[in-house]
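1. I'd like to go over a predicted model; first the sequence, then the structure.
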Amino acid sequence: MAFALPNLFGTGARRTVDSIEPRRTFDDVILPLSTRRALDQALVQVTSYDLVFNRWGLGEKHPSGLALAFNFAGPSGTGKTICAEAIAHTLGRRLLIVRYAELESMWMGETPKNVAAVFRLAREQRAVLLFDEADAIASRRSTSVEQGFQREGNLVVNVLLQELESFTGVVIFATNLAANFDPAFERRIRSHVLFEMPGIGEREQIWRVQMHPTRTPLAPDVDFRQLAESYEASGGDIRNAVLKAALAAAAEPGPDSAKVIEQRHLQEGIREVMAARRVMRQSLFDAAEALSRDRTLDAILSIERSVSRRTTLAGLAAGIAFLLALAALVTALLR
Ligand SMILES: Nc1ncnc2c1ncn2[C@@H]1O[C@H](COP(=O)(O)OP(=O)(O)OP(=O)(O)O)[C@@H](O)[C@H]1O
Ligand SMILES: [Mg+2]
């Protein structure tokens with residue numbers, strides 16, 4: 001459901017804020033053991049919290065400083081969003097997904113106001129709140145207030161801290177980096193759950209859960225173990241590969257009833273996904289390198305400018321000193 005706050009709901013394919021009825025559960029998620037353990041601990045906090053503060057009404061009696069804030073950190077496609085959905089499902093709540101990077105870039109100057117509006121909506125819907133792509137919030141509260149965007153960044157964190165103080169529910173921040181949290185913000189985070197890339201065993205199961213348990217037609221040669229061993233893919237990569245493979249299998253000639261997904265479709269799918277990821281990573285790397293080259297160039301230019309400024313100043317001082325000495329000499333001679 002796209003929500004109805006006046007200025008947050010773009011019409012594009014990726015809306016800034018989405019409110020969804022969660023459908024996916026923890027049965028749909030395959031996690032490495034360490035991630036599973038950290039998440040279980042978070043879940044215990046969440047479920048007992050719901051019991052004590054919502055069903056037993058103590059949240060109404062003690063309404064401040066009760067938000068349960070978690071940070072889900074890890075590479076793209078490792079299951080952060082799907083786990084937030086599963087948590088909301090466990091609690092029987094809606095999930096309000098805020099794509100923070102877009103909210104900030106689309107509504108420059110309005111971000112603090114929109115963050116407050118999002119919390120208001122989460123309260124109204126009694127929803128679990130997920131700040132997706134939240135790296136920008138996490139690592140930002142600068143002491144320098146020179147630039148507009150930094151000032152706005154500080155404001156956003158201040159608004160978030162205030163809202164967290166009065167929110168009685170679950171808030172999840174999803175970050176790709178192990179972000180440097182602002183210390184005041186860090187204090188509000190109950191747990192950091194690290195989402196790691198899946199190992200071979202997990203990958204094999206992820207391949208399996210991406211298929212419909214009864215309706216997806218698989219050829220007898222399909223071998224998930226072999227795919228898991230051959231490709232170091234994330235869950236997100238596997239999902240994309242399965243969809244590509246299914247579309248390729250469906251496009252084969254012949255009657256639909258004879259169509260099945262074969263191993264070669266899955267292999268081609270995952271190869272394409274991994275190749276696209278390499279291209280993406282390379283272009284990001286190139287961009288980062290160009291940026292750092294620009295920065296180095298800027299640094300060199302600024303050193304040059306400062307050296308040449310100093311040289312000019314030194315020249316000026318020497319000139320003045322020479323004129324003063326000349327004046328003193330003339331005065332002495334005239335006497
Ligand atoms: N651990 C997993 N188990 C099962 N499926 C997974 C897992 N991780 C990812 N997937 C599949 O990949 C899709 C994308 O995963 P998800 O959106 O949860 O990743 P993410 O960590 O939030 O990535 P991003 O950082 O890019 O937002 C999921 O919808 C799911 O189909
Ligand atoms: Mg996500």
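-> Good, I have the coordinates. Ligands and ions are numbered 1, 2, ... in the order given.

2. helix, strand or coil for residue 71?
-> Counting by DSSP: H, G, I helix; E, B strand; the rest coil, the backbone at residue 71 sits in strand.

3. which ones are touching it?
-> 138, 172-175, 179, 181, 189, 191-193 (Cβ atoms under 8 Å, 6 or more residues apart in numbering). For the C-beta atoms, the positions are set from N, CA and C on the backbone; glycine is no exception.

4. Let's see if you can find the most crowded of the residues you listed.
-> residue 173 (29 neighbours; other Cβ atoms under 10 Å).

5. can you narrow the contacts of residue 71 to ones near ligand 1?
-> Contacts with ligand 1 within the contacts of residue 71, counted by Cβ under 6 Å from any ligand atom: residue 174.

6. Looking at the contacts of residue 71, which one is closest to residue 238?
-> residue 174 (19.1 Å; Cβ to Cβ).

7. Now do the same contact list for that closest one.
-> Taking Cβ under 8 Å, 6+ apart, we find residue 174 in contact with 71-73, 80-81, 84, 130-134.

8. what bridges to it?
-> For residue 174, the beta-bridge partners are residue 72 (DSSP bridges).

9. Where does the residue of the stretch 51-200 of the chain found nearest ligand 2 sit: helix, strand or coil?
-> The stretch 51-200 of the chain approaches ligand 2 most closely through residue 81 (3.3 Å), counting by Cβ to the ion. Secondary structure, three-state DSSP: residue 81 is helix.

10. ok, it to residue 93 distance?
-> To residue 93, residue 81 is 15 Å away according to Cβ to Cβ, to the nearest Å.

11. same question, residue 109
-> Residue 109 is 31 Å from residue 93, by Cβ to Cβ.

12. same question, residue 212
-> Taking Cβ to Cβ, one finds residue 212 at 26 Å from residue 93.

13. Domain map for this protein?
-> 2-194, 200-277 (automatic domain parsing).

14. Make a markdown table from those domains and add distance to residue 333 to it.
-> Putting the domains of the chain into a markdown table (distance: least, Cβ to Cβ, whole Å) gives the following:
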| stretch | distance to residue 333 |
| --- | --- |
| domain 2-194 | 55 |
| domain 200-277 | 83 |
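
15. closest one to residue 320 among these?
-> domain 2-194 (34.5 Å).

16. what residues are up against the residue of the stretch 51-200 of the chain closest to ligand 2?
-> Per Cβ under 8 Å, 6+ apart, neighbours of residue 81: 97, 130, 132, 174.

17. top of these by neighbour count?
-> That'd be residue 130 among the contacts of residue 81, by other Cβ under 10 Å, with 29 neighbours.
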